[in-house]
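J.: Here is my input, please return the structure:
(chains A, B and C)
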Amino acid sequence: MSYSVTDPSGRQKWIAATLVTLYAVITILPLLWIIGTSFKSPSDAIAYPPKTLFTPTLEGYVNLFTTRTRASEEELKTLGEPTTWYDRIVRRDGFIIAGPSRFPERFTNSIIIGFGSTVLCIVLGTAAAYAFSRFKVPLKDDLLFFILSTRMMPPVAVAIPIFLMFRQLGLNDTHAGMILLYTAVNLSLAVWLLKGFIDEIPIEYEEAALIDGYTRFQAFYKVVIPQAMTGIASTAIFCLIFAWNEYAFAVLLTSGTAQTAPPFIPTIIGVGGQDWPAVAAGATLFLVPVMIFTIVLRKHLLRGITFGAVRK
Amino acid sequence: MLDTSIDRAARATPPAVARRIRGLSDRAIAWIFVAPSIFLLLAVNIFPLIWTIRLSFTNFRVNRPNAEVEFVGLKNYISVLTNGDIWLTMQATAHFLIATLVLQVLIGFSLAYLINKKFRGNDLWTTIIVLPMMLSPAVVGNFWTFLYQPQIGLFNYAVGFLTGTDPSSFSMIGDASLAPWAIVIVDTWMWTPFVMLICLAGLRSIPNSIYEAAECDRASKWRQFWTITIPMVLPFLMLAILFRGIENFKMFDLVVQLTGGGPGSITELTSINLKREAFEKWRTGYASAYAVILFVTVFGLASIYVKALNKVKQR
Amino acid sequence: MTDFIKGLRNFRRGAWEMVASALIAAGVVMLMQPFALALFSWSFVVTLTGTVMFIIVSHFPE
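T.: Next comes the predicted model:
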């Protein structure tokens, strides 16, 4: 290895590594704490001093997925032996399971709205980005700026007229309404990112395809789309994460049928005070997929984070 | 350029093939491709925007659909812009903005600078540091209320452990003097990685040859830092500051879940205040004027942002 | 500095964009400053002027 004057020395690297590691550990601690809390019993969760060693239990998860009612000793005796493991956990605290909770519904809503809006957004966004990248669109720069600025608007301010419009159209608190809304919000980012990716594909490929007798449209989906696949995939992840995390529109425009998980999780309350393990369990189930996504796809994600400004 | 090369290709091919190549004209395809997006944005963004502007000149209230809607001119704007409470929420937003930007720029830049030393395993640590910004702010805000609990919370325990104060003697969310810092800490925890990533991109865009040349001129490391590193990263830093500035100007989800604007209205940022006017007091016309003011501010900042973005892209 | 004034006189984009950005920045500062309610009241007019100016001058030649 050749020696360069600009290479950091071993000691410098060592100091840098220590400081960054320290920061990373502090950063990850709250997340690990929440995951840990989801496996605690309610009394362990509120113990002082905070417990780092505890017997793990699935009580939080059982409480998250069920609604329970308190039962007296006699009632419990008449019921006989608990038949399932979750019955056993609940009865230990003197409760019986009354039914499933709303959490699975809300979680499903998050999945439907998240994936629905992502697919729609990618289809519309790829087409628009291709047109912006390859053709002379009148007022192109103004349109692009306009498209970008719509995403920057404060959601609460946007929600006022959307609320009125959706009420007129009967779209309030529906999956279709939320999918359309999230698509519109994400479209700007998608077009902006995808245009960058498509700009990078050499135009000669399409010209060759056109000479081979493809129509423009065939050239688009047989040549450009496969080339842009990595870009499309990472854009899709961004749209998905946004829709998954979104709270302001969800809390203002949905209340029942189409409510997603972010407005729901904070409303989880136990019997007598907040049921922290259940809240932590909800947060864990909701956040862990994103964490795994981030770690697995870090190369693609980190690239697109600043609207493609960071691209090298 | 594209047109000419296709024209050339068209001229070089027999007429029968040429017709097939052409199919739809480029212009038609361009419109077919752009139209659905533009239509959706018109329907979900522009139309509501125009509606908001129109409502902002009326006394319309959603909860009184049968009341007569009157045109009130600039009255809503005047009452928003002379309202001392709104001015106070703007100041609360300013405090939040300044504190988070200063902290995030300092910590974010330092981290990027350290990571750029390219020690072994820097990839892994970068990914871990980035994790918080990928998560749902509302859910994050909610679980930080747990970490901030006076006695049982991890944060209070850690502070107590490090400084020797009693962890149950202070409440980050309940104390009026601490609540503004509670939201600053969580926002910094969450968004420092963003500033870090942009700074890192800036640092990595500096060619090594510049440092080598400086080394030949016997410039000290300190001098190199101030005359090469900082000026070269500055455009990127500007970008990060503008972007985070716009984001935090409209901050809603995280703070709503964390403090709900309290105690009192100490942490009531603009968006939270607007939500109260629009969706709790249902003063729609008034809230629309308020919203238009925020729109114009963000639109103005966004145009500066795009200008800065283009400058960075030209590098 | 003379370049800047020349730019303004010849309707060049760069110089005018600078003026518009400065107006927007001033408007935002006025909106959030803690000193005078009057500044807060007039902030919107300033920001709006800056923004409209920005949209217009971004169509000037480079």
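J.: okay, CA-based contacts and neighbour counts for the rest of this
T.: Noted.
J.: Up against chain B, what does the stretch 1-150 of chain A have?
T.: The stretch 1-150 of chain A has residues A:5-6, A:8, A:12-14, A:16-17, A:19-21, A:23-24, A:27-28, A:30, A:34, A:45-50, A:124-125, A:127-132, A:134-135, A:137, A:145, A:147, A:149-150 near chain B, with proximity defined as CA under 8 Å from any CA of the partner chain.
J.: Kindly give a single PyMOL line that selects the buried subset of those.
T.: Here is the PyMOL command that selects the buried residues among the residues of the stretch 1-150 of chain A next to chain B (16 or more other CA atoms under 10 Å in any protein chain shown):
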select buried, chain A and resi 13+16+17+20+21+23+24+27+28+30+34+45+46+124+125+127+128+129+130+131+132+134+135+145+147+149+150
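J.: Sitting in helices, which of the residues of the stretch 1-150 of chain A next to chain B do you find?
T.: Counted as lying in helices by DSSP state H, out of these, are A:12-14, A:16-17, A:19-21, A:23-24, A:27-28, A:30, A:34, A:45, A:124-125, A:127-132, A:134, A:145, A:147, A:149-150.
J.: tell me the average confidence for stretch A:216-235?
T.: Across stretch A:216-235, pLDDT averages out at 85.
J.: Next: stretch A:263-282.
T.: According to the model, stretch A:263-282 has a mean pLDDT of 81.
J.: Count the neighbours of residue 251 for me.
T.: Unless you meant another one, I'm taking chain A. Residue A:251 has 17 neighbours, counted by other CA atoms under 10 Å in any protein chain shown.
J.: sorry, should have said chain B
T.: Counted with other CA under 10 Å, residues neighbouring residue B:251 total 25.
J.: and the spatially closest residue to it that is not a sequence neighbour, what element?
T.: Setting aside the residues directly before and after it, residue B:251 is nearest to residue B:271 in space (CA to CA, 6 or more residues apart in numbering or on different chains), at 6.5 Å. Secondary structure assignment for residue B:271, by DSSP states H and E: helix B:270-279.
J.: Would you mind getting the angle between the helix or strand following that helix and helix B:270-279?
T.: Next helix or strand after helix B:270-279 toward the C-terminus (DSSP H and E): helix B:284-314. Angle between the axes of helix B:284-314 and helix B:270-279 is 150 degrees (criterion: axes from the mean of the first three to the mean of the last three CA atoms, to 10 degrees).
J.: Are helix B:284-314 and chain C in contact anywhere?
T.: Yes: Helix B:284-314 lies within reach of chain C by CA under 8 Å from any CA, at B:293, B:296, B:297, B:299, B:300, B:301, B:303, B:304.
J.: can you narrow the residues you listed to ones near chain A?
T.: Residues of the residues of helix B:284-314 next to chain C in contact with chain A (CA under 8 Å from any CA): B:299, B:303.
J.: Let's have the residues of helix B:284-314 next to chain C in TSV, adding neighbour count and pLDDT.
T.: Shown next, in TSV, are the residues of helix B:284-314 next to chain C (neighbours: other CA atoms under 10 Å in any protein chain shown; pLDDT from 0 to 100):
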residue	neighbour count	pLDDT
B:293	23	94
B:296	21	93
B:297	26	93
B:299	25	90
B:300	28	93
B:301	24	92
B:303	23	88
B:304	22	89
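J.: Could you single out the nearest of the residues of helix B:284-314 next to chain C to chain A?
T.: Of all those, chain A sits closest to residue B:299, with 6.4 Å by CA to the nearest CA.
J.: contacting residues around that closest one?
T.: Counting by CA atoms under 8 Å, 6 or more residues apart in numbering or on different chains, residue B:299 touches A:149, A:152, A:153, C:51.
J.: same check, this time on residue A:140
T.: By CA under 8 Å, 6+ apart, the contact list for residue A:140 reads residue A:132.
J.: ok, now how distant is it from residue A:134?
T.: Relative to residue A:134, residue A:140 is positioned 11 Å away (CA to CA, to the nearest Å).
J.: list the contacts for residue 12?
T.: Chain wasn't specified; assuming chain A. Contacts of residue A:12 by CA under 8 Å, 6+ apart are residue B:117.
J.: that's the wrong chain, I meant chain C
T.: C:60, C:61, C:62.
J.: Tally up the residues packed near the residue nearest to residue B:274 when sequence neighbours are not counted, please.
T.: Closest residue in space to residue B:274, ignoring its immediate chain neighbours: residue B:287 at 6.5 Å, by CA to CA, 6+ apart. Using other CA under 10 Å, residue B:287 has 30 other residues around it.
J.: in the stretch 51-200 of chain A, what residue is nearest chain B?
T.: Residue nearest to chain B within the stretch 51-200 of chain A (CA to the nearest CA): residue A:128, separated by 4.4 Å.
J.: Just say helix, strand or coil for the closest residue in space to that residue that isn't next to it in sequence.
T.: Spatial nearest neighbour of residue A:128, excluding adjacent residues (CA to CA, 6+ apart): residue B:34 at 4.4 Å. Under DSSP: H, G, I helix; E, B strand; the rest coil, residue B:34 falls in the helix class.
J.: And residue B:34, what's its pLDDT?
T.: With respect to pLDDT, residue B:34 scores 86.
J.: swap in residue B:20?
T.: Predicted confidence (pLDDT) for residue B:20: 46.
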